[in-house]
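Enquirer: Here's my sequence, what's the structure:
(chains A, B, C and D)
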Protein chains: 2
Amino acid sequence: MTQRTRFGDMACSIARTMDVIGEPWSPLILRDVYVGISRFEQLQEDLGISRKVLAERLRWLVEQDVLERREYSAKPPRHEYALTPKGTELVALLMVMVRWGDRWTAGEAGPPVLYRHHECGRLAHVELRCSECDGPMEPTDIDVLPGPGLAAPVPTS
Amino acid sequence: MTQRTRFGDMACSIARTMDVIGEPWSPLILRDVYVGISRFEQLQEDLGISRKVLAERLRWLVEQDVLERREYSAKPPRHEYALTPKGTELVALLMVMVRWGDRWTAGEAGPPVLYRHHECGRLAHVELRCSECDGPMEPTDIDVLPGPGLAAPVPTS
DNA sequence: CCCGATCAGTTCCTTGAGGGAACCCATTGG
DNA sequence: CCAATGGGTTCCCTCAAGGAACTGATCGGG
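Expert: Numbers count the residues shown, from 1 in each chain, chains lettered A, B, ... in the order given. Model prediction:
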């Protein structure tokens, strides 16, 4: 019955996140929109993505409330895409992806982009800390326990 | 020529990360291995993934040095998969995915799993901090600058 | 007033990856 | 000797990704 597996219905926040941006173009689209590449033609050229697939992805991301489609010119009807708050928080996930990619795939050449932190003005990367005690919080620093939403079949949809 | 787009060759750490785990089953496989579901049959049953696709994914993840395939019994030849250091650091990415999924997709039911932080013993979630000044480091807190690896065509492969 | 350009898609076709079921092989336990 | 188990492989079908061509609205220029 189900052709492609539906990740959105799983009781797993990883699966539900992958349902939204789990196909590899979406993170790159979000990255581009984040750095100011926000129009259809620009995205298509910058990414080298098929126009068909780009249109599908944008429609999906708008539907998921990750991007917002806004008209910036009415008389020649022109549109651009912008990150919603939900989408902006996804960019945090991209920052962690960048961290891993920099460490394990960048090689000799070094990282393709650098981050300057507004608060301290320095070149920096992101680190994971505990929300409660501020200590480092890496995979080896935690235990995983069942939570209240474990048995729930489908949350909102 | 290229049928599916090769993300591994892009000068972008997001694209290169997505090249490794960018198809939606891989994060779930890593999650399972992380929590101790490490054998082929267990993974297949827990995820409901096609055996064919699971075999392909595992082969790819081992090839990428994210998982390690080890024999835990020789006479009936039996194998299990374990996270390498490279793979363990990917789990940090999953923790951030969980954070986003919990906030935006969990709904009424609440998060399906909880984390207890070893260091402080409390239930916690992960936060992003600056490696240099320890301040919060979210997408709106940084500028993105070109880095040394920008022009590089392909790093290691 | 018609021509070309620009933006933002849509349509059509081909190819190949995901899903599912069945099959295979080595070994062990009864 | 037979069934069961673990760890896959093979086969077939469908659907989604890629790519190129086409559409439609609008403007600017000759």
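
Enquirer: any idea which residue sits dead centre in chain A?
Expert: Nearest to the mean C-alpha position of chain A, counting by Cα atoms, centre = their mean, stands A:L90 at 4.0 Å.

Enquirer: wouldn't it be in contact with A:I21 here?
Expert: Yes - if you go by Cβ atoms under 8 Å, A:L90 and A:I21 touch, sitting 6.4 Å apart. C-beta coordinates here come from the backbone N, C-alpha and C atoms, glycine included.

Enquirer: Overlap of the contact sets of these two?
Expert: Each of A:L30, A:V66 lies in contact with both A:L90 and A:I21 under the rule Cβ atoms under 8 Å, 6 or more residues apart in numbering or on different chains.

Enquirer: check contacts around the closest residue to A:P27 other than its chain neighbours.
Expert: In this structure, A:P27 finds its nearest non-sequential neighbour in B:I14, 5.2 Å apart by Cβ to Cβ, 6 or more residues apart in numbering or on different chains. B:I14 makes contacts with A:P27, A:L28, A:R31, A:L94, A:M97, A:V98, A:G101, as judged by Cβ under 8 Å, 6+ apart.

Enquirer: and with 6 Å instead?
Expert: The neighbourhood of B:I14, defined by Cβ atoms under 6 Å, 6 or more residues apart in numbering or on different chains, consists of A:P27, A:R31, A:L94, A:M97, A:V98.

Enquirer: what's the burial count for the first one?
Expert: Other residues near A:P27 number 23, with proximity taken as other Cβ atoms under 10 Å in any protein chain shown.

Enquirer: Helix, strand, or coil at it?
Expert: Recorded secondary structure, A:P27: helix (DSSP: H, G, I helix; E, B strand; the rest coil).

Enquirer: Poorly predicted segments of chain A, please.
Expert: A:1-3, A:152-157 (pLDDT under 70).

Enquirer: Mind naming the longest helix for it?
Expert: Ranked by number of residues, the top helix in chain A under DSSP state H is helix A:85-105.

Enquirer: What are the contacting residues of that helix?
Expert: Contacts for helix A:85-105 (Cβ under 6 Å, 6+ apart): A:27, A:30-31, A:34, A:65-67, A:111, A:125-126, B:13-14, B:16-17, B:86, B:89, B:93, B:96, B:100, B:104, B:128, B:138-139.

Enquirer: What's the first helix or strand after that helix?
Expert: As assigned by DSSP states H and E, the chain's next helix or strand after helix A:85-105 is strand A:113-117.

Enquirer: I'd like to know which elements the helix or strand that comes right after that next one is packed against.
Expert: Remark: after strand A:113-117, the chain's next helix or strand is strand A:123-124, criterion DSSP H and E. Contact partners of strand A:123-124 among helices and strands, from 3 or more Cβ pairs under 6 Å, 6 or more residues apart in numbering or on different chains; DSSP states H and E: strand A:113-117.

Enquirer: let's see 10 Å
Expert: Judged by 3 or more Cβ pairs under 10 Å, 6 or more residues apart in numbering or on different chains; DSSP states H and E, strand A:123-124 is in contact with strand A:113-117, strand B:142-146.

Enquirer: Pipe those strands into TSV and attach mean neighbour count and distance to DNA strand C per row.
Expert: TSV is the format used below for the helices and strands packed on strand A:123-124 (neighbours: other Cβ atoms under 10 Å in any protein chain shown; distance: least, Cβ to the nearest atom of the strand, whole Å):
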stretch	mean neighbour count	distance to DNA strand C
strand A:113-117	20	24
strand B:142-146	14	22
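
Enquirer: nearest to DNA strand D, of those?
Expert: Nearest to DNA strand D among those is strand A:113-117 (22.3 Å), distances taken as Cβ to the nearest atom of the strand.

Enquirer: Just the CA trace of the closest one, in CSV.
Expert: Taking C-alpha atoms only, strand A:113-117 is exported to CSV below (Å, rounded to 0.1, in the frame of the first residue of the first chain):
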residue,chain,number,x,y,z
VAL,A,113,32.9,28.6,5.1
LEU,A,114,33.6,30.2,8.4
TYR,A,115,31.3,31.6,11.1
ARG,A,116,31.9,34.9,12.9
HIS,A,117,30.0,35.0,16.2
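
Enquirer: what lines up beside that strand in the sheet?
Expert: Counting by DSSP bridges, the strands paired with strand A:113-117 are strand A:123-124 (antiparallel), strand B:142-146 (antiparallel).

Enquirer: which is the next helix or strand following the first one?
Expert: Counting by DSSP H and E, the element after strand A:123-124 in chain order, helix or strand, is strand A:126-130.

Enquirer: how far off strand B:113-117 does that next one point, in degrees?
Expert: Orientation of strand A:126-130 against strand B:113-117 (axes from the mean of the first three to the mean of the last three Cα atoms, to 10 degrees) gives an angle of 90 degrees.
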